Every structure is written in C-alpha cells, then in structure tokens.
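1. Quick one, what's the 3D model for this:
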Amino acid sequence: MRHSILAVALFTSFSSLAAPKCPNISELETQYAAPNMEKRSFSNHFNKYLSWLPSYHMVHDQVTASGTVTQITAKFDYGSITHKDLEFEAVEFYYRSESDSNWHYLGEQTTNGDGKAFISLPALPAGQYRIYAGVPADGTGAQGYVTVVEPGTQAVLFDIDGTLTESDAEQIGDYTGIDHASPKDGAYDLVRHYLDLGYQPVFLTARVYWYAKGTRGWLNWMGLPQGFLRTSLSNETSLFKTAEYKTAEINRLEAQGIEVVRAYGNAKTDAEAFIKAGIPASQAFTIGADAGHYGTTPITGNSYRVHLDGLATYPHADCQ
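-> Numbers count the residues shown, from 1 in each chain. Model prediction:
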C-alpha cells in the first residue's frame, strides 16, 4: 500500500514538472461556419426593429486554468452609431473543442438591460475552445475563444493600435469597414515568429468592446490567429484608465497560469502597464514616439525589421 502511495506521489510530482501543452495554432487559424440555430420570433417585440441595423455582437475571450469552470459573457447590440442593446431577448450559446467536428449546444440565456448574457462553461482540459453566441430570431451572432491553460503556459502579448498598425487613428477604418488599418512594417513577421516558436498569442487593446468585430476582421485579414483578444469594457476605461485596465488584465492572465514572457506596445500607458504588471523591462518593448518610456526597451524607427534580426536565436516556448 505504501509503495502505491509513493508511486502516485512521484507521478504527481513529475506531472507537475512537465511542460504545458503548446497552443494549437492551426486550430486557431481554422474558420468555422456558425452553428444552425432554429429560427423563432423575438421574445421582446421591439427588438425586431433592431435587426434592420448591422450587428456588433461580441464574446469576451477568456483565459482560464485547466479544470476551472469559466463564466462566458456575450454582449449583443445593433447599429454602428447608436449601439442599441438587445434587451431581454433569448440567445443561444454553443462551443467546440479542437477535436470536435460540430458545435455543441451549451444552453439558452436571456440578455439583461445592458444587452449582456452569461453562461458557464464546464471545467475542461487544456486547449483552445470556441464559443458562439447567437440570436435565433434573426440569425446574427459572434464567435469568441476560451483558452484553457496549464500552469506556466508562455505567451507573448501585443497591443494593436500603433503597435501592430501604423497609427491609433486607423482603427476607425476597421470599425466602419471602410478600410483595413495598415500594418506596421514587420508586424506580421513579428507575431508569426513567436507563433512558430510555440508561444500563446495575447492581443490586449484599449479598443472598446464594440470594436471587437472590426478587430477580429483585421486579424483575419492579416492572416493572424486570435486565441485571446481583450477589449476595453467602456469608453471611460479606454480613454482615462488604460494603464490600470491593462495592468489588471495582465495580472488576471498570470493568475490563471499564463507567463507573459514578452510584451509589445507603443503608448506610455502600455509601458506603464507592462512594468507595473511585473514584466521585466528588458522583455517589455515599445515602438514609436514614446519608445523607451517607463524604462521599457525601445525599438528604434518605425519598423520591426532590425528587431526581428535579433530574434533569430530566441528560444522555443517551454511547451510540448
């Protein structure tokens, strides 16, 4: 009996030392059609008039530790100017794992007065999961991602506007659908380099949540997988509390088992958040007019080409 207990203890000890699972990037790059929802009438009669407007629904991506129940939040609204919330309406949730060939029905919920609906995703093993939240009455919906990680999963974090794009102002084009934001020179190769080395991608932006639709579209247009996209929950946070918001999000990621080994930004708020969240200054990079702020490592010029040359010997992620 004592030998059996010892064997279990040794197995548990060795298991805890094993490298975490590498992110399945090919799964993140695969596009899936929305699940088939059975059409029905609107629960709230007024809501049928909203369906004449373009939808800006979104699912808040989550990173969670393996074996942990996760609360999924979806936000439903219509209209590029008004952003009218879909209130007190029945919505459906679905999910699928890397190995699934079809969506699994998760359940039905009703939106609240803020257009939000919530549902719990059961505890799942490490891997990439997709969430679909949809409105059966008009067939609209949005996809999001839940990344379930083991302790020590290594990630590289990227701001978007002015970091992967040429400027902050270009987000307007993505939002309106008029034009895609121009990528900064070498931005695609920068992200792809870390993906090829096995790092989990994390995109942390101060864009407000209704920009999520355009942001996902831009990442797809760039040929970059998503995996985890975090947008701000309010204009106030986006404009006045950016550093606090990003610091809290990095801390939340690390509490779930993510190790942010490198981070890239362009704004003073990015630099402040990286350092306050405990990312070493030598691994926190900033580009543009504020490069080097708060002690971060500056990337000179407006291109990643020289920086990429220095990444030739950067090690693979510690994963399997």
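
2. Spatially, which residue comes closest to residue 293, not counting chain neighbours?
-> Counting by C-beta to C-beta, 6 or more residues apart in numbering, residue 271 is the residue found nearest to residue 293 once chain neighbours are left out, at 4.2 Å. Backbone N, C-alpha and C define where each C-beta goes, glycine included.

3. Could you check how far that neighbour is from residue 294?
-> According to C-beta to C-beta, to the nearest Å, residue 271 stands 4 Å off from residue 294.

4. Over to residue 35?
-> Noted for residue 35: a distance of 45 Å to residue 294, by C-beta to C-beta.

5. What of residue 209?
-> 26 Å.

6. And those two? Which one has more around it.
-> Between residue 209 and residue 294, residue 209 has the larger neighbour count (other C-beta atoms under 10 Å), namely 21 against 18.

7. so that one sits right up against residue 60, yeah?
-> Yes. Assessed by C-beta atoms under 8 Å, residue 209 is found in contact with residue 60 at 7.5 Å.

8. Need the residues touching each of these two.
-> 75, 231 (C-beta atoms under 8 Å, 6 or more residues apart in numbering).

9. what ranges do the helices span in this protein?
-> Counting by DSSP state H, the chain has these helices, from start to end: 2-17, 25-29, 171-176, 187-196, 212-222, 235-240, 242-255, 268-276, 305-309.

10. Surely residue 34 and residue 132 touch.
-> Yes. With contact defined as C-beta under 8 Å, residue 34 reaches residue 132; the gap is 5.9 Å.

11. if you count what's nearby, which of these two comes out ahead?
-> Remark: of residue 34 and residue 132, residue 132 carries more neighbours, 23 against 14, as counted by other C-beta under 10 Å.

12. which residues does that one bridge with?
-> residue 94, residue 143 (DSSP bridges).

13. Could you measure from it over to residue 199?
-> 26 Å.

14. got it, and residue 314?
-> Separation of residue 314 from residue 199 (C-beta to C-beta): 10 Å.

15. Pick out whichever of the two has more residues nearby.
-> Taking neighbours as other C-beta under 10 Å, residue 314 and residue 199 compare with residue 199 leading, 27 against 15.

16. right, and that one touches residue 158 too?
-> No. In this structure, residue 199 is not within contact of residue 158 by C-beta under 8 Å, at 10.8 Å.

17. Give me the buried stretch members for stretch 70-85, please.
-> Using 16 or more other C-beta atoms under 10 Å as the test for burial, stretch 70-85 gives 70, 72, 73, 74, 75, 76, 77, 78, 84, 85.

18. And the pLDDT at the fifth one?
-> By that I understand residue 75. On pLDDT, residue 75 comes in at 95.

19. For it, give the beta-bridge partners.
-> residue 58, residue 116.

20. From residue 125, how far off is it?
-> Counting by C-beta to C-beta, the gap from residue 75 to residue 125 is 28 Å.

21. try the last one
-> Taken as C-beta to C-beta, the spacing of residue 85 relative to residue 125 amounts to 35 Å.

22. can you check the second one too?
-> Computed as C-beta to C-beta, the residue 72 to residue 125 distance reads 17 Å.

23. same thing with the third one?
-> Residue 73 sits 22 Å away from residue 125 when distances are taken as C-beta to C-beta.

24. what's the answer for residue 108, then?
-> Distance from residue 108 to residue 125, counting by C-beta to C-beta: 26 Å.

25. ok, now residue 216?
-> Relative to residue 125, and taking C-beta to C-beta, residue 216 is found at 25 Å.

26. Noted, bye for now.
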